[in-house]
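> here is a sequence together with a model predicted from it:
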Amino acid sequence: MIFVDRLDFGYNKRQPVLEDISFRGEPGTCTAILGNNGAGKSTLIKCLNRILEPQDGTVHVAGKDVSSFSRNDIARSMAYVAQKNTAERVTVFDAVLLGRKPYITIEPSKNDHKMVKEVLDRLGLTSYQLRYVDELSGGEVQKVMLARALVQEPDVLLLDEPTSSLDLSNQYEVLELVRKIAREEKISVIIVIHDLNLALRYCDRFLFVKNQKILAYGDRKVVTSEILKTVYRMDVAVEQVRGVPVIIPNPLS
Ligand SMILES: Nc1ncnc2c1ncn2[C@@H]1O[C@H](COP(=O)(O)OP(=O)(O)OP(=O)(O)O)[C@@H](O)[C@H]1O
């Protein structure tokens, strides 16, 4: 469980980016962070694992204040997949094995290797394991970074636009897998995502950031035409198609 209480952040004192942000991510659930470009979604994610230090407020993971965590404590409890990934000159297997680093004292154990193999298999990356990461496509790199985060066995998984480079089938496959693993392993997933249809399909909670603050927060019911108009300044219909809410931009045009 992650609990964020009254978090404030600004890159400089004159201009706040986030004010009074509070929410909780229950184990086994996915929380979507939504909002217009520049609203502060990536900044919020980075405040959770202290890549950025919040100016005020607290973040608790599994009941403990993360401001008291060492870098290694953070790596054991929170895994993060950034919006932009640098493709490294290492094999896919070694790139994913790096996710086990917080647990390795002298050298990787048989169990570390086993976990890497299992996650590569679940993400359909087994045949890529000896390829160099810097020779992969953008979508393949994104899956490798997700695999690295999953072998970290985190309590909280922070994903910043994890499907932005993936094709249609991979977007659904990867989010289906993330949701399945989150439920099985009781991980709280916090995900920045622009695709509202994907968010509605795979997330349990929805948090809209607007003008530094939380505009709306709750289950699917908060994703309304009114909220979407406020956030994106355009007409958007929310309709039920075969029991799934679907977003239709500019429905009358
Ligand atoms: N390193 C930085 N220094 C100063 N300002 C920054 C920095 N990074 C981001 N900002 C500013 O902070 C605000 C929030 O940026 P952030 O990247 O968190 O937005 P976002 O909601 O993730 O946007 P997007 O949807 O475009 O990815 C923006 O106004 C941005 O220009």
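That came through, no problem.
> run a quick neighbour tally on the closest residue to Glu88 other than its chain neighbours.
Closest residue to Glu88 apart from its sequence neighbours, by C-beta to C-beta, 6 or more residues apart in numbering: Val133 at 5.0 Å. All C-beta spots, glycine's among them, are computed from the backbone N, C-alpha and C. Taking other C-beta atoms under 10 Å as the neighbour definition, Val133 ends up with a count of 22.
> any weak-confidence spans in this protein?
253 (pLDDT under 70).
> can you tell me which helices and strands whichever helix in it runs longest packs against?
For the chain, the helix reaching the highest residue count under DSSP state H is reported as helix 168-185. For helix 168-185, the contact count by 3 or more C-beta pairs under 8 Å, 6 or more residues apart in numbering; DSSP states H and E identifies strand 30-34, helix 138-151, strand 156-160, strand 188-192, helix 196-202 as packing neighbours.
> run through who's touching it.
The contact list for helix 168-185, computed with C-beta atoms under 8 Å, 6 or more residues apart in numbering, reads 28-30, 122-124, 139, 143, 146, 150, 153, 157, 159, 162-163, 166, 187-189, 191, 195, 198, 201-202.
> and Val148, what does it touch?
Just to correct that, residue 148 is Arg rather than Val. Ala79, Val81, Ala95, Val96, Leu98, Gly99.
> which residues are contacting the helix or strand hosting the first one?
Counting by DSSP states H and E, the element that carries Ala79 is strand 78-81. The contact list for strand 78-81 (C-beta under 8 Å, 6+ apart) reads 45, 48-49, 51, 61, 66, 99, 142, 145-146, 148-150, 152, 154-160, 162.
> quick check, it touching the ligand?
No: applying C-beta under 6 Å from any ligand atom, one finds strand 78-81 separated from the ligand by no less than 13.8 Å.
> given that strand, what are its sheet partners and their directions?
In the sheet, strand 78-81 lines up against strand 156-160 (parallel) (DSSP bridges).
> got the residues of this protein near the ligand?
Tyr11, Val17, Gly35, Asn37, Gly38, Ala39, Gly40, Lys41, Ser42, Thr43.
> which one is Pro249 nearest to, not counting chain neighbours?
The shortest distance from Pro249 to any non-neighbouring residue, by C-beta to C-beta, 6+ apart, is to Val236 (5.3 Å).
> what sits against that neighbour?
Val236 makes contact with Ser225, Leu228, Lys229, Ile247, Ile248, Pro249, Asn250, Pro251 under the criterion C-beta under 8 Å, 6+ apart.
> so which of those is the most crowded?
Tallying neighbours with other C-beta under 10 Å puts Leu228 at the head of these, with 21 neighbours.
> helix, strand or coil for that one?
Counting by DSSP: H, G, I helix; E, B strand; the rest coil, the backbone at Leu228 sits in helix.
> begin at 7 from here
I'll keep to 7 as the first residue from here, and by that count the last item is Leu234.
> gap between the most centrally placed residue in the chain and the ligand?
Centroid check for the chain by C-alpha atoms, centre = their mean gives Leu165 as the closest residue, at 1.8 Å. Separation of Leu165 from the ligand (C-beta to the nearest ligand atom, to the nearest Å) stands at 13 Å.
> identify the bridge partners of His66.
Counting by DSSP bridges, His66 forms beta bridges with Phe9, Asp71.
> what is the burial count for it?
15.
> distance check, it against the ligand.
Distance from His66 to the ligand, counting by C-beta to the nearest ligand atom: 22 Å.
> and if you look at Leu172?
Separation of Leu172 from the ligand (C-beta to the nearest ligand atom): 17 Å.
> show me what contacts the closest residue to that residue other than its chain neighbours?
Nearest residue to Leu172, sequence neighbours excluded (C-beta to C-beta, 6+ apart): Gly145, at 4.7 Å. The contact partners of Gly145, by C-beta under 8 Å, 6+ apart, come to Ser171, Leu172, Asp173, Asn176.
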